[in-house]
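Colleague: Just need the structure, nothing else, for what follows:
(2 chains)
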Amino acid sequence: MQGCSLTTRLTAIFAALAFSTSLFGPPPARAASKIQIMTATTDLASLAQEVGGDKVEVESIARGYQDPHFVDAKPSFLLKLKHADLLIVVGLELEIGWLPPLINQSTNPKIQVGAPGYLDASRFARILEIPTGQVTRAEGDVHPLGNPHYWLDPENGLRIAKGIADKLSEMRPGDATYFAQRFTDFEQRLKQADQRWLAEMKPYEGRKIVTYHRSWPNFAEHFHLNVVGYVEPRPGIPPSPQHTVELIQQMKRDNVKVIVVEPYFDLKTPNAVARETGGKVLVLPPSVGGEKEITDYFKLFDYDISKLKQAFDATH
Amino acid sequence: MKKAVMVSVILLLCSVSRAQEIAPAQASGPAQPATPGPETRMRTLEQQVHTLADEVALLREELKALRDAKSIDTVPENRVLLASAHVEPATVGGSSVAATPEAAPQVPQTQVSGSAQPQTFGGATGNAKLLNPDISLIGDFIGTAGHNNVAPAPSMELHESEVGFQAIIDPYSRADAFISFGETGVSVEEAYLTFTSLPAGLLMKVGKMRADFGKVNTIHNHALPWIDRPLATNNLVGGEDGIDDAGISLSHFIAAPKGWFMEGTAQVYRGDSDDLFRAYRRQDLGTVGHLRAYRDLSESTNLDLGASYARGNSAGLATAGKPSAFFTNLYGADATLRWKPLRRAVYKNFLLRTELFWSARDQLSPLSIFQTQHAFGMYSSAEYRINRRWTVGGRFDRSGHATAANLTDTGFSGILTYWPSEFSQIRGQYRFGHLAVANPGDFSNANEFLFQFLFVMGAHGAHPF
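Modeller: All right, here's what the predicted structure looks like:
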């Protein structure tokens, strides 16, 4: 029994694999062969949808109310990645804890790092907080390539959209004019919206705020806000009593009243700081989908700016 | 003479006036070239250093001026995409272009693409490791107190220092190598090549790897939710290293009902794994098969099921007889339930995992009669994250001995883990063991307290899932 079993076993196992392969077969032809796009975050999904229109099908791995540093590499994402033509990532090591294993196991040659279907959006964007000099984790979970929350500047949104449009045209040269048109249209709408946003934020120029995590440098730069402190003592390190005391003193000294918290952080420390300083905690989603009504890139800024205005008005 | 001439030539080059004073003096006394030589040489060298220092200072200034000029140039260029508040749109791309209305829309586009100033977009490249692999080191310090007469551990040890190298090899493959420096020596825990771009949805791995047998066998020491490994692993599945061997692995997604993810893995190994499998001949290969089924029950809850099979020749037999006719068959089943609310993922989560193992081991009885020992083992483990820094857990163990199925060990553990940051971990574990010794019915109780310090340096690894 034992003598012949090895070959038999091997044959059986590989036959089973082959059978399952044939069952699975080649992926069925998709309706009107839309470009299947997977993105790491919802913001990139929204931008891809803007320029891709009805020639693409877009889905994001992370949800808008989820901390993009800590997404679980669930196998259910593998099935979606397997059929993707294009994977758009935030880059700058934001997804380093979960995206590489998903890409490796996706068995999709098109979206492997460096393949034509892998697009790192950060290379189109203006990146802030690029560390100079020595980088150590004494500074917390630093991003040595720069701050990855760059999409919160509409100018970067436009640059990324242009990058995606170029990529889509490269993948479907026949639809290049369609994508170019979609981009031009998006550009015009975004420019108009940005003028409106800037006008709305104009009265609050130079206002000082405190944020939980370093998610807002690009937003603050574009809308002329001044981020003077963080609830986290260092990126990725939970609040400590000593740092909280220092933060309270600093906020009192500088008369800072607004504490911006991303929806995935605990409100205990921010609430305590607000009580001490007479300030206001503002849960502000940094991504599309962070609240139900934020369904696209435009609504993200609409929502955040209206909330900020309310908070500024209420604390003055 | 020659030396003197050379010195004078140097002097001439460096400083004409001084050379003119000294050179004749040297030339006039060729009999004693050694005595003035070192001194003058020093002086000339000194001068050379001074002139070089001046030049460096000059170059530095020039560089600084250039840098300043550049940053002044680039800042406004980046800022004028959309915002009327920053710069008037008319000034966007220079007056010559903006003057013609047809060309105007193109101006922002060329800037958007970044072709004019490509280096101002994107992240840092200076910091980026060029072609080096991602390198990391994980230190694992374990201390043990209390008493255990069956398997005593040292009071303190640097149990393992695991060095990891991970890199993309070429457009078709990547490689991962983990080298473990332990108390007793160095071993390659895993080193394998993964072909990521095979046709027909196949994923192939070649090298030495932890076999895809159940869950705990695939997990490195530092990623375990406990300090030790379950009794069933030690008794039935090859101990700490587990089924870890050189071989080839093939996986493929399997067609599954909607909402399910299924994956099949087939692996062939040389057949040498610790005290579990042993290849007595070249054809005594080991095989491992694994079937995984996964389903998202909701956004925050998921169920992960697995069935595993492993087969190889029984280890620990005398080579004189016909050891190739003795096999060990291992069967495994695992189930994991995870709960992690997406909005509070870093503060709260819960994991419940149970693994069952059945071992059928062919061996010789003490009377040299062929026999098959059927042993069963299992563990059940739960962990709950209370907040960002603290996790509590517990584990129940029960396992027969592979070579003597009538001996059964039982145990339980309570675990408390503290994370100062994502890159270090402090853990304590109380462990009770009701361990079988020699004869059925004889037991030895073990009461131990284990503590562990883990630290991670270097590349940020993937979070375990």
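Colleague: quick one, strands of the stretch 1-150 of chain A?
Modeller: Using DSSP state E, counting those that start in this stretch, the strands found in the stretch 1-150 of chain A span residues A:35-39, A:56-60, A:86-89, A:118-120.
Colleague: export those strands to TSV and tack on mean neighbour count, mean pLDDT and distance to chain B?
Modeller: The C-beta positions use only the backbone N, C-alpha and C, and glycine is treated the same way. Converted to TSV, these look like this (neighbours: other C-beta atoms under 10 Å in any protein chain shown; pLDDT from 0 to 100; distance: least, C-beta to the nearest C-beta, whole Å):
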stretch	mean neighbour count	mean pLDDT	distance to chain B
strand A:35-39	25	97	15
strand A:56-60	20	97	13
strand A:86-89	25	97	12
strand A:118-120	20	96	8
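Colleague: could you redo these as JSON lines and give each row distance to B:Leu45?
Modeller: Shown next, in JSON lines, are the strands of the stretch 1-150 of chain A (distance: least, C-beta to C-beta, whole Å):
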{"stretch": "strand A:35-39", "distance to B:Leu45": "63"}
{"stretch": "strand A:56-60", "distance to B:Leu45": "66"}
{"stretch": "strand A:86-89", "distance to B:Leu45": "56"}
{"stretch": "strand A:118-120", "distance to B:Leu45": "52"}
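Colleague: nearest to A:Thr277, of those strands?
Modeller: If you check each of the strands of the stretch 1-150 of chain A against A:Thr277 by C-beta to C-beta, strand A:56-60 wins as the nearest, at 36.0 Å.
Colleague: Give me the sheet partners of that closest one and which way each runs.
Modeller: strand A:35-39 (parallel) (DSSP bridges).
Colleague: Run through who's touching the strand it pairs with.
Modeller: A:30, A:45, A:48, A:52, A:55-61, A:80-81, A:83-89, A:111, A:168, A:171-172 (C-beta atoms under 8 Å, 6 or more residues apart in numbering or on different chains).
Colleague: Run through the neighbouring helices and strands of the helix or strand where A:Ser306 lies.
Modeller: Per DSSP states H and E, A:Ser306 falls inside helix A:297-314. Packing partners of helix A:297-314 (3 or more C-beta pairs under 8 Å, 6 or more residues apart in numbering or on different chains; DSSP states H and E): helix A:42-52, helix A:176-201, strand A:258-261, strand A:280-283.
Colleague: let's see it at 10 Å
Modeller: Counting contacts by 3 or more C-beta pairs under 10 Å, 6 or more residues apart in numbering or on different chains; DSSP states H and E, helix A:297-314 packs against helix A:42-52, helix A:154-171, helix A:176-201, strand A:208-211, helix A:217-222, strand A:258-261, strand A:280-283.
Colleague: Can you point out the buried residues in that helix?
Modeller: A:297-298, A:300-305, A:307-308, A:311-312 (16 or more other C-beta atoms under 10 Å in any protein chain shown).
Colleague: I'd like to know the average pLDDT value across it.
Modeller: Helix A:297-314 carries an average pLDDT of 95.
Colleague: Run the angle between it and helix A:176-201 for me.
Modeller: Counting by axes from the mean of the first three to the mean of the last three C-alpha atoms, to 10 degrees, helix A:297-314 points 0 degrees away from the direction of helix A:176-201.
Colleague: from the middle of its chain, how far away would helix A:297-314 be?
Modeller: Using C-alpha atoms, centre = their mean, to the nearest Å, the mean C-alpha position of helix A:297-314 is found 19 Å from that of the whole chain.
Colleague: now stretch B:322-335
Modeller: In terms of C-alpha atoms, centre = their mean, the centre of stretch B:322-335 is set 30 Å apart from its chain centre.
Colleague: so does that stretch get close to chain A?
Modeller: Yes - interface with chain A: stretch B:322-335 contributes B:322, B:324-327 (C-beta under 10 Å from any C-beta of the partner chain).
Colleague: And that stretch, what's buried?
Modeller: Buried, per 16+ other C-beta under 10 Å, within stretch B:322-335: B:323-324, B:326-332, B:334-335.
Colleague: what does the stretch 201-316 of chain A have sitting close to chain B?
Modeller: Residues of the stretch 201-316 of chain A that fall close to chain B, judged by C-beta under 10 Å from any C-beta: A:201-202, A:205, A:221-224, A:234, A:236-239, A:262-266, A:268, A:290.
Colleague: center of the chain, which residue is that?
Modeller: If you meant another chain, say so; for now it's chain A. Closest to where the C-alpha atoms of chain A average out (C-alpha atoms, centre = their mean) is A:Thr41, at 4.1 Å.
Colleague: Please refer instead to chain B.
Modeller: Note: chain B centre (C-alpha atoms, centre = their mean) maps to B:Gly164, 4.4 Å.
Colleague: and it, what helix or strand is that in?
Modeller: Assigned by DSSP H and E, B:Gly164 falls in strand B:156-170.
Colleague: quick revisit: now that we have the helices and strands packed on helix A:297-314, can you turn them into JSON lines and tack on mean pLDDT?
Modeller: Below are the helices and strands packed on helix A:297-314 laid out as JSON lines (pLDDT from 0 to 100):
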{"stretch": "helix A:42-52", "mean pLDDT": "97"}
{"stretch": "helix A:154-171", "mean pLDDT": "96"}
{"stretch": "helix A:176-201", "mean pLDDT": "96"}
{"stretch": "strand A:208-211", "mean pLDDT": "95"}
{"stretch": "helix A:217-222", "mean pLDDT": "96"}
{"stretch": "strand A:258-261", "mean pLDDT": "96"}
{"stretch": "strand A:280-283", "mean pLDDT": "94"}
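Colleague: Run through chain B and note the low-pLDDT ranges.
Modeller: Applying pLDDT under 70 to chain B picks out residues B:1-38, B:65-120, B:124-130, B:320.
Colleague: Now with 50, please.
Modeller: B:1, B:5, B:7-35, B:71-81, B:83-119 (pLDDT under 50).
Colleague: in it, which spans are helices?
Modeller: For chain B, the helices defined by DSSP state H cover B:2-14, B:16-28, B:36-79, B:95-99, B:106-112, B:231-236.
Colleague: Burial check on A:Ala115, number of neighbours?
Modeller: 17 (other C-beta atoms under 10 Å in any protein chain shown).
Colleague: And it, how far from chain B?
Modeller: 7 Å (C-beta to the nearest C-beta, to the nearest Å).
Colleague: Can you name the residues that contact that residue?
Modeller: Shown in contact with A:Ala115 (C-beta atoms under 10 Å, 6 or more residues apart in numbering or on different chains): A:86-87, A:103, A:108-109, B:171, B:196-197.
Colleague: Now with 8 Å, please.
Modeller: A:Ala115 neighbours (C-beta under 8 Å, 6+ apart): A:109, B:171, B:197.
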